[in-house]
Structure formats: C-alpha cells, structure tokens
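S.K.: Okay, predicted coordinates and the sequence, questions at the end:
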There are 4 protein chains.
Amino acid sequence: MATRATAVTGSPPHRFRVALHDSDAAGVLFFAHLFRHAHDAYEDLMEALGWRLDALIRAGQLALPLVHAEADYRLPLRHGETVEVAVEVLAVGTRSFTLGYRFSTAAGAFAATARTIHAGLDPHRGCPVKLPADLAAALRARNPALAETGSGPKPRSAGDPGANAEPAV
Amino acid sequence: MATRATAVTGSPPHRFRVALHDSDAAGVLFFAHLFRHAHDAYEDLMEALGWRLDALIRAGQLALPLVHAEADYRLPLRHGETVEVAVEVLAVGTRSFTLGYRFSTAAGAFAATARTIHAGLDPHRGCPVKLPADLAAALRARNPALAETGSGPKPRSAGDPGANAEPAV
Amino acid sequence: MATRATAVTGSPPHRFRVALHDSDAAGVLFFAHLFRHAHDAYEDLMEALGWRLDALIRAGQLALPLVHAEADYRLPLRHGETVEVAVEVLAVGTRSFTLGYRFSTAAGAFAATARTIHAGLDPHRGCPVKLPADLAAALRARNPALAETGSGPKPRSAGDPGANAEPAV
Amino acid sequence: MATRATAVTGSPPHRFRVALHDSDAAGVLFFAHLFRHAHDAYEDLMEALGWRLDALIRAGQLALPLVHAEADYRLPLRHGETVEVAVEVLAVGTRSFTLGYRFSTAAGAFAATARTIHAGLDPHRGCPVKLPADLAAALRARNPALAETGSGPKPRSAGDPGANAEPAV
C-alpha cells in the first residue's frame, strides 16, 4: 500500500524517533502508538492542505472523526529508531475520505502500514454531513489518480469497503 | 462482530471509565486510546488463561506481537462514560490468533469494535514460531465454536485473511 | 507524606495494574504515566465528593487546572504489578487546593508519592477565581486536620509554598 | 528557572506542536504529557552528549531512572501551538544529576517549567552507582557555571535537596 506516497504527495514525510515512552517492556513501539504517530502525520497533511485540525475543532462547525483505523505491522520499531511516515490520500467520497500511511525506518526498511477513514460530522446535531467541496478537492489534489477522475478508486485494502463507504457516525 | 462475547467467554467484561487523559480537544476518546483499552482487556484475558503477559515477556522465550489491529467506531465515547469491553477469541491458527473486542457504554449502546491478530515469535531469532499447544488450546476453549472443531473459522471480518494467516513478523 | 491516607479519607484507594503500555523499554512504568494514574485517582476523589470532573468541564463555568505537579520515585513499578493509590487532601486555600498521592504495591511496598496543586480558573476570562465554598468544604471534610480548623496547614513538602499559594494561571 | 538555557547549552531547543492526542476535553495539553515532551528533550540532550538513551538501556550496564519530577504550569498550551523546550543542566552530583526545562510558545510566552532528577543505578543489582566520570563531565560542560567549579550549585528550586541528593532508588 502507498508505495509511491512520497512521490505522489510531493511533501516531505512526517518523521519521528521512537521515544522511550513509545516503547514497552518488550523493547519495541507499543502497537497503539503507531496510530498516534499516524495521526500526527494526518495533522501535518491537514495543515499542508490549509485545513488545520486545531482551527477546525475550535470553529466547531465540522468534525472529522475517525470511523475506522487499521494497521499492519511488519517489523518491530525499536527505541531510538528514526521512522518516516508517508501519507497518501487513498479515496475521497461524498462524506468520508481514506488515508494510507507507510512507516519506514531511516535505513529504508518497510515497517508498517496504516489506514484511517474520516467522516464528515455535524458536531452540534451529531449527524453525518458532506465534506466541504474545497476540502474534498484539496484532498483529491494530493493524489493524481483521484484528481484526474474526480472520484477515485475505492480503498485498495479495505476489508469491507461497502460498509465503510457511508459511515454511520 | 462478537455479539455473544460475554456469554461465550464466561468472563466478566473489562471495564473502564473514559478518563480526562483519554479524551481530546474534541471532547471524546482519542481513537488510538481505544487500542490501549483493548490491550488491557487482552492482558486480562491472558491472565484468565494462565498466560500472564508480563511473565511471558520476562521469560523471554516467546513473544506474541500484534501483526494487525483494526477498529470501527460507531459512537463517540465521552469523558466520564463507563465502557465495557467484551473480548472474544475469533480464530486460533498454528502461528497466530485473532481476538475481537466489542465496546459498549454502561447504558448498553454499542460504541465500537476492534480486532487484533497476534503472532508467535521467537524473540531471540526474530522468526515466527508455532503457538504453544496449551496456549492454543486455552484460547480455543474460550470459544465453543473453535473448541468443537479444533481449528475454527477464519477471522470473520478480515480484509485479507490470506495475508494475515501467516504473519511475516 | 500521606501515610494515613486511607484511614483519613475513608475511601478505598484507586487501584491499577501496570499495563504493557505503562511500561517502557527499561521494563518499568514510564515516570510520566505515574501522573496519569494520579489523575485517575483524582477523578475518583472528585466523583466521591459529588464534583465529577467531566460534568465540571462540560458545564464550562469553572476549571481546575493543575498549576504544579511533582513526584518522587522510590521503587520501580514493573509490568504486571498491582498498585494502590491513596489520595489525601493536603491543603485547601481560597483559590487552590493540594492533593497528595501515595503509591504502594500489592505487597505493601511504598513505591512513590506525588503531589498536585489545582487552581480555580474562570475558563471564559482565563483568570483565577475562588473555589466554590461547597467544593472547598467537601475537600476539607476529607482531612480531619483541615476540617477542624477550617483552613488547614500549608502543603507539607512544597519547595516554594509562597509561589504556589496564589497560582498565576 | 533556566532563563539562559538556550544560550548556555548552545543547542537548538527541542520543539513540538501540541497534537490532538496531547490535548484533553478541556482543550489544552494534559499536564502529564508535559513530562513526556520534557523526556523527549532529555533524550535529545543525551544524544547530543554522546550518551544515547536507547543504547544505554540496551547495553544494560547503567540505568538512569528518574527519582524526582516536577512541573509548574503558567499558561495553558492549546492544541496546535508550537512549543519550544530549552533544557539546562542544573546540577551534577556523584550519583545523580538535575535537569531544568523551560517551555515557551512560538510567540515567546513562557508557559511552563519542569525539573527532573536522574540517579545512577546498577540495573542488575538494583542499587545506586556513581555516574560515569565522562557522563558527569559531559553534563557539566553544558553549563559553564558547573564546568568552572567542577561541582556546581545545588538544585535551585528543590523542595528538599538533601533528600534528593543521594536517591535511594
């Protein structure tokens, strides 16, 4: 997944070092912390798109909660390792979008992937809403395949894309 | 997924209250923390099976790293809510096992599910190993459907069960 | 500090097991997580006093931010250990209160102490406010020494009590 | 505390942005996470000194556990804010050293301070040990006041410096 992420997005990947607090008694990154770092990369992406998440939350008109998250772990990430996270926009629908993340070590080893689906939500009424047109456009513009067609492929590794396509949250 | 978890496992579900540190600026559980709580429920399960994770890690002969984790979020979990986590053993293979988690609020609302796949690993050589026979048996005994057949069904909601069946980690 | 905490407060201590995600590559509780557990015990105390923190934050009329936190670590807390946290109200001033925490292992060993100072804050104007009289009274009632005098002693182990007495936050 | 930290250490300060997962339902950095960021700055310092913490832990001959940690919070740190952490070596003793941290916003506002005391420990025997002479020298070299005298001042804001001077851990 997301093998061409860096080339596609044209942005430098998010980078972090596995901190002591990221590691656990087994000496490696505790699996749930991978999602924390994925979210940091997502915050970077949103800033690059002109949609800072902190401003969005403070404005209180639109929420983009995660309705799905998944990760596959290939290599243990040890305390002290430098890790790069490349983010790719995998799909942009009417009410949700899907991001893919690829984690590599500084030595170039492919360590993990993750995928998150974010859905538009009216935070006051708690009901799904369409993504703002300019946010959808900005997301599609990060992935030439999506920008060309205006719709884009379905998430490539989704277990149940139908169920995820229109999130109930 | 895992609708009969409590009945099947015969154990009380893991319970937690959404703490202030679980919540984020949007006022709800930060998605990655769901995995932290799932892992707490996993640690409880392993203790109930007689395989305490802390003892396993200290012994250093067998590791059970996660090779896959995923979650679907249906309802926001707010600061202060009490949440129950029911764990179900979904599948037990030769070298890995799959757990399902169902998160419900104290009011009985179904809030989220999660799924994790754990693979046997030799921590010294870093290569996959078979699950110890008694661990596999203890896991299967938690799910009558698995105990009956001795092998059990494939993970029910896996996006790519083939890829996950024999983890490379 | 807080040697008679359980007797004084009359409440069962907060209890937790050192989870895998609490531990770090050195095999013991990462120091910052002690504060997370102290805060969980604080949330329990506030609920016992009838001042649930989640309701307080949602109401938005009063905030009680920490202006100081400190901990002393005596024994490493290892993955899998059960830990008890006894909370004591050390001081209640006009605009702030001080809590003490004592962490003990299930075997009775004294492992750590912590202390937090919480200040009344108007969240809209961002300026200090007096503690509500009934909150101050409920806090004092947890510590006979404070309840008797109506004012109570200064924090016993504060490095610079004068600076902390009227928090600037 | 640590007002001349950047000038003294000669290193660029550690920098982070308050991530969504750093914030809580009150919209600001959860207090315990300040210590996580302080520790990241400490890991940076140790790397700059040639004593990478991950290598130290893996070597298993010397541990440097925290025996004390404290923080004073002046300003709330909001989701999205960029924060600089300047680290200063406050004291270097025979068996322990003390670091000070100063947190400032990108706009230059002074937001918080922290202080940590780290003690030399033999991880096998669990008893205090002297700091290696070259580590002590490298730490002192970061603070001209300490380097000149070879011993240095006592921690300036310690509540009980005597008790901390020879940690029992």
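M.R.: Arrived safely.
S.K.: Keeping just the C-alphas, turn stretch A:63-79 into PDB.
M.R.: Extracted as PDB, the C-alpha positions of stretch A:63-79 are listed here (Å, rounded to 0.1, in the frame of the first residue of the first chain):
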ATOM      1  CA  ALA A  63     -15.900  17.400  12.800                       C
ATOM      2  CA  LEU A  64     -13.900  14.700  11.000                       C
ATOM      3  CA  PRO A  65     -14.000  11.800  13.400                       C
ATOM      4  CA  LEU A  66     -12.300   8.500  12.600                       C
ATOM      5  CA  VAL A  67     -14.800   5.800  11.800                       C
ATOM      6  CA  HIS A  68     -12.100   3.200  11.000                       C
ATOM      7  CA  ALA A  69      -8.500   2.600  11.700                       C
ATOM      8  CA  GLU A  70      -6.200  -0.300  11.000                       C
ATOM      9  CA  ALA A  71      -2.600  -1.100  10.900                       C
ATOM     10  CA  ASP A  72      -0.300  -4.000   9.700                       C
ATOM     11  CA  TYR A  73       3.000  -4.400  11.500                       C
ATOM     12  CA  ARG A  74       5.900  -6.000   9.600                       C
ATOM     13  CA  LEU A  75       8.900  -5.100  11.600                       C
ATOM     14  CA  PRO A  76       9.400  -4.100  15.300                       C
ATOM     15  CA  LEU A  77      10.300  -0.500  15.700                       C
ATOM     16  CA  ARG A  78      12.900  -0.200  18.500                       C
ATOM     17  CA  HIS A  79      13.500   2.600  20.900                       C
END
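S.K.: ok now that stretch, how far from the chain's centre?
M.R.: Centre-to-centre, stretch A:63-79 and its host chain are 9 Å apart (C-alpha atoms, centre = their mean, to the nearest Å).
S.K.: Counting neighbours, which bits of stretch A:88-107 end up buried?
M.R.: Buried residues in stretch A:88-107, defined by neighbour count with 16 or more other C-beta atoms under 10 Å in any protein chain shown: A:88-93, A:95-105. Yep, even glycine has a C-beta here, placed from its N, CA and C like the rest.
S.K.: gap between the two ends of that stretch?
M.R.: 21 Å (C-alpha to C-alpha, to the nearest Å).
S.K.: can you tell me how far the closest residue in space to A:Arg17 that isn't next to it in sequence sits from A:Ala19?
M.R.: Excluding the flanking residues, the one nearest A:Arg17 by C-beta to C-beta, 6 or more residues apart in numbering or on different chains is A:Thr82, at 5.2 Å. Per C-beta to C-beta, to the nearest Å, A:Thr82 is found 11 Å from A:Ala19.
S.K.: which residues of chain A fall in helices?
M.R.: For chain A, applying DSSP state H gives helices covering A:5-9, A:31-48, A:53-59, A:133-140, A:144-149, A:161-165.
S.K.: Out of those helices, which gets nearest to chain C?
M.R.: Chain C lies closest, by C-beta to the nearest C-beta, to one member of the helices of chain A: helix A:31-48, at 6.6 Å.
S.K.: Run through the bridge partners of the residue nearest to the spatial centre of chain A.
M.R.: By C-alpha atoms, centre = their mean, the mean C-alpha position of chain A lies nearest to A:Leu99, the distance being 3.8 Å. Taking DSSP bridges as the rule, A:Leu99 bridges to A:Val89, A:Thr116.
S.K.: And the pLDDT at it?
M.R.: A:Leu99 carries a pLDDT score of 98 in this model.
S.K.: Now do the contacts for it.
M.R.: A:Tyr42, A:Leu45, A:Val87, A:Glu88, A:Val89, A:Leu90, A:Arg115, A:Thr116, A:Ile117, A:His118 (C-beta atoms under 8 Å, 6 or more residues apart in numbering or on different chains).
S.K.: Redo the residues you listed as CSV? Include distance to A:Arg140 and pLDDT.
M.R.: Converted to CSV, those look like this (distance: C-beta to C-beta, whole Å; pLDDT from 0 to 100):
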residue, distance to A:Arg140, pLDDT
A:Tyr42, 16, 97
A:Leu45, 13, 97
A:Val87, 14, 97
A:Glu88, 12, 96
A:Val89, 7, 98
A:Leu90, 11, 98
A:Arg115, 17, 98
A:Thr116, 17, 98
A:Ile117, 16, 98
A:His118, 14, 98
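S.K.: Closest to D:Phe110 out of those?
M.R.: For those, the closest approach to D:Phe110 (C-beta to C-beta) belongs to A:Tyr42, at 30.3 Å.
S.K.: OK, contacts around the nearest residue to A:Pro123 once chain neighbours are set aside?
M.R.: Nearest non-adjacent residue to A:Pro123, counting by C-beta to C-beta, 6+ apart: A:Ala63, 4.3 Å away. A:Ala63 is in contact with A:Leu56, A:Ile57, A:Gly120, A:Leu121, A:Asp122, A:Pro123, B:Ala26, counting by C-beta under 8 Å, 6+ apart.
S.K.: Narrow those to those that are buried.
M.R.: So, by 16+ other C-beta under 10 Å, the buried ones in the contacts of A:Ala63 are A:Leu56, A:Ile57, A:Gly120, A:Leu121, A:Pro123, B:Ala26.
S.K.: so what's the residue of chain A most remote from its centre up against?
M.R.: Distance from the C-alpha centroid of chain A, by C-alpha atoms, centre = their mean, peaks at A:Ala25 (27.5 Å). Residues in contact with A:Ala25 (C-beta under 8 Å, 6+ apart) are B:Asp54, B:Ile57, C:Leu20, C:Ser23, C:Asp24, C:Ala25, C:Gly27, C:Val28, C:Arg78, C:His79.
S.K.: Let me have the helices of chain A in TSV, extended by distance to C:Leu131.
M.R.: As requested, these are exported to TSV (distance: least, C-beta to C-beta, whole Å):
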stretch	distance to C:Leu131
helix A:5-9	50
helix A:31-48	35
helix A:53-59	28
helix A:133-140	43
helix A:144-149	54
helix A:161-165	48
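S.K.: Could you look over those and pick the most buried one?
M.R.: Per residue and on average, the most neighbours among these fall to helix A:31-48, with a mean of 22 (mean count of other C-beta atoms under 10 Å in any protein chain shown).
S.K.: So which other helices or strands are in contact with it?
M.R.: strand A:14-17, helix A:53-59, strand A:66-73, strand A:82-92, strand A:96-105, strand A:110-119, helix B:31-48, strand B:66-73 (3 or more C-beta pairs under 8 Å, 6 or more residues apart in numbering or on different chains; DSSP states H and E).
S.K.: Turn those into TSV, columns for distance to A:Leu131.
M.R.: Listed next are the helices and strands packed on helix A:31-48 as TSV, based on distance: least, C-beta to C-beta, whole Å:
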stretch	distance to A:Leu131
strand A:14-17	23
helix A:53-59	12
strand A:66-73	13
strand A:82-92	7
strand A:96-105	7
strand A:110-119	9
helix B:31-48	19
strand B:66-73	18
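S.K.: And those: which comes nearest C:Ala69?
M.R.: So among the helices and strands packed on helix A:31-48, helix B:31-48 is nearest, using C-beta to C-beta, at 20.9 Å.
S.K.: how much does that closest one deviate in direction from strand A:110-119?
M.R.: With axes from the mean of the first three to the mean of the last three C-alpha atoms, to 10 degrees defining the directions, helix B:31-48 sits at 120 degrees from strand A:110-119.
S.K.: what residues does helix B:31-48 touch?
M.R.: A:30-33, A:35-36, A:39, A:65-66, A:69, A:116, B:9, B:11, B:13-14, B:16, B:22, B:52-53, B:56, B:69, B:71, B:73, B:77, B:83, B:85, B:87, B:99, B:101, B:103, B:112, B:114, B:116, B:142, C:17, C:19-21, D:21.
S.K.: same check, this time on stretch A:116-136
M.R.: Contact with stretch A:116-136 is made by A:35, A:38-39, A:42, A:49, A:51, A:60-70, A:92-99, A:101, A:139, A:155, A:164, A:166-169, B:26, B:31, as judged by C-beta under 8 Å, 6+ apart.
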